[in-house]
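In: would you be able to build a 3D model of this:
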Amino acid sequence: MNEKHMQYVLTVLKEGSFTGAAKKLYVSQPSLSQMIKLVETNLGTPIFNRSTDPITLTYAGEKYIEAAK
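Out: Predicted coordinates:
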């Protein structure tokens with residue numbers, strides 16, 4: 001778990017979307033999506049439920065946030 005990854009995940013959660021988080025973090029949306037995908041690959045499970053608007057956490061995502069805080 002890397003501090004930059006945690007910051008990105010927390011910002012996506014706070015903003016409720018990848019687009020809003022990317023603007024807040026001053027990174028491109030595709031770059032942010034790749035970073036989150038990398039975290040999810042390393043964990044072996046999705047962090048975000050992308051089928052909801054705003055984006056919500058999966059159970060694994062909730063545990064990741066607890067550990068990040």
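In: before we move on, which element is Gln7 in?
Out: If you go by DSSP states H and E, Gln7 is part of helix 3-15.
In: show me what that helix is packed up against.
Out: Helix 3-15 sits against helix 18-25, helix 29-43, helix 59-68, with contacts defined as 3 or more C-beta pairs under 8 Å, 6 or more residues apart in numbering; DSSP states H and E. (Glycine included, C-beta is placed from N, CA and C.)
In: pLDDT weak spots in this protein?
Out: Across the chain, the ranges flagged by pLDDT under 70 are 1.
In: nearest residue to the middle of it?
Out: For the chain, the residue lying nearest the average C-alpha position, counting by C-alpha atoms, centre = their mean, turns out to be Val9 (3.1 Å).
In: before we move on, the earlier item: His5 is nearest to which of the helices and strands packed on helix 3-15?
Out: When these are compared by C-beta to C-beta, helix 29-43 sits nearest His5, at 5.0 Å.
In: next secondary structure after that closest one?
Out: For helix 29-43, the following helix or strand on the C-terminal side (DSSP H and E) is strand 48-49.
In: what strands flank that following strand, and is each parallel or antiparallel?
Out: Strand pairing for strand 48-49, determined by DSSP bridges: strand 56-57 (antiparallel).
In: correct me if wrong: Met35 contacts His5.
Out: Yes: counting by C-beta atoms under 8 Å, Met35 touches His5, with 6.6 Å between them.
In: relative to Glu66, how far out is the residue lying farthest from the centre of the chain?
Out: Residue farthest from the centre of the chain, counting by C-alpha atoms, centre = their mean, is Tyr26 at 15.0 Å. As defined by C-beta to C-beta, to the nearest Å, Tyr26 lies at a distance of 27 Å from Glu66.
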